Structures are given as C-alpha cells and as structure tokens.
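J.: What follows is a protein structure lacking sequence information:
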C-alpha cells in the first residue's frame, strides 16, 4: 500500500490526492516498452516501405529500429524502397525539368516518374504476396546495403 508523499498516511494507488492532508500524489506511468516496431511482423514493415510518397519514412524507421537489425529481408526492402524514392526524387526534381526544357511539351519526364511510382506499386504487390523480388538496378544496391550490418 502506498503512502502520502507529504504526510506519510496510507493512500490507495488510484488516489490523486491524500485524504488526510489533501496533497497531490505523484502519478506513476507504466514503463516504456521500447520502440513501436517491436511487435510488427517483418513483411508488414517491408510493405509499409513501398507506399508511394511517404514510404521513405517507414523505411528509415525500419532501418533505425533495433528489432530489424538482423532481419535481412526487411532491411533489403527498406533499402530498396529508399533507393526507389531517391530515383523518384531525381526524376521529379532534375530529369523532368531538364526534359521539359529540352523536349518542350513531350511528357517524357512524367512517364519516367510514373514508371518509378509503378515500380513502387509493383513492389507493394510482391511484398504483400510474400515474394522477394529484386528490382534491376536498385535491388543490387539494396542487396549490398542490407549485407552491411
């Protein structure tokens, strides 16, 4: 049974104030359980990495989480998703404006951007079916990155 922090009289655990002196009692919070990814399955974490436009956040969280330090498949998909996002950024911010200037109205940059987003959606489908698939260029980079611990 806990005691009042002010007067020392017995108080119940759920009491916020002491019945004898009226002093506010310290609040005890449940202990922290670690990072929020401890109970998430590896295939679900890999799936979150491929969500277009925001999957890079999940990929960084997977790579930073202690739980996935030894999960080679989850790390591979996180790296591959990050490299796909970087490819999308390059197409969106560099290639597309350059091609707009060079080719005028032809939407080649938009087609390239759509291809990268299509690759992300393709990988969403593959990971949801528990199939490990390595994309041609970024997959090799992801393999090398995932192998380094």
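T.: Good, I have the coordinates. The model shown is predicted, which means the values in this text are computed figures rather than measured ones.
J.: So what touches the helix or strand of the chain with the lowest mean pLDDT?
T.: With mean pLDDT, DSSP states H and E as the measure, the helix or strand of the chain carrying the lowest mean pLDDT is helix 96-103 (a mean of 79). The contact list for helix 96-103 (CB atoms under 8 Å, 6 or more residues apart in numbering) reads 106, 108-110, 112-113. Yep, even glycine has a C-beta here, placed from its N, CA and C like the rest.
J.: Out of the residues you listed, which sit inside helices?
T.: 108-110, 112-113 (DSSP state H).
J.: Looking at those residues, which is nearest residue 16?
T.: Checking those against residue 16 with CB to CB, the nearest one is residue 113 at 56.1 Å.
J.: any idea which element the spatially most central residue of the chain lies in?
T.: For the chain, residue 58 is the residue whose C-alpha lies nearest the centre (CA atoms, centre = their mean; 1.4 Å). Element membership of residue 58 [criterion: DSSP states H and E] is helix 55-64.
J.: That helix - contacts with which helices or strands?
T.: Counting contacts by 3 or more CB pairs under 8 Å, 6 or more residues apart in numbering; DSSP states H and E, helix 55-64 is packed against helix 42-49, helix 72-90.
J.: repeat that for 10 Å
T.: Packing partners of helix 55-64 (3 or more CB pairs under 10 Å, 6 or more residues apart in numbering; DSSP states H and E): helix 42-49, helix 72-90, helix 108-128.
J.: For those, could you give me CSV that also reports distance to residue 5, mean pLDDT and mean neighbour count?
T.: Shown next, in CSV, are the helices and strands packed on helix 55-64 (distance: least, CB to CB, whole Å; pLDDT from 0 to 100; neighbours: other CB atoms under 10 Å):
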stretch, distance to residue 5, mean pLDDT, mean neighbour count
helix 42-49, 43, 90, 22
helix 72-90, 46, 93, 22
helix 108-128, 52, 91, 16
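J.: Sounds good, over and out.
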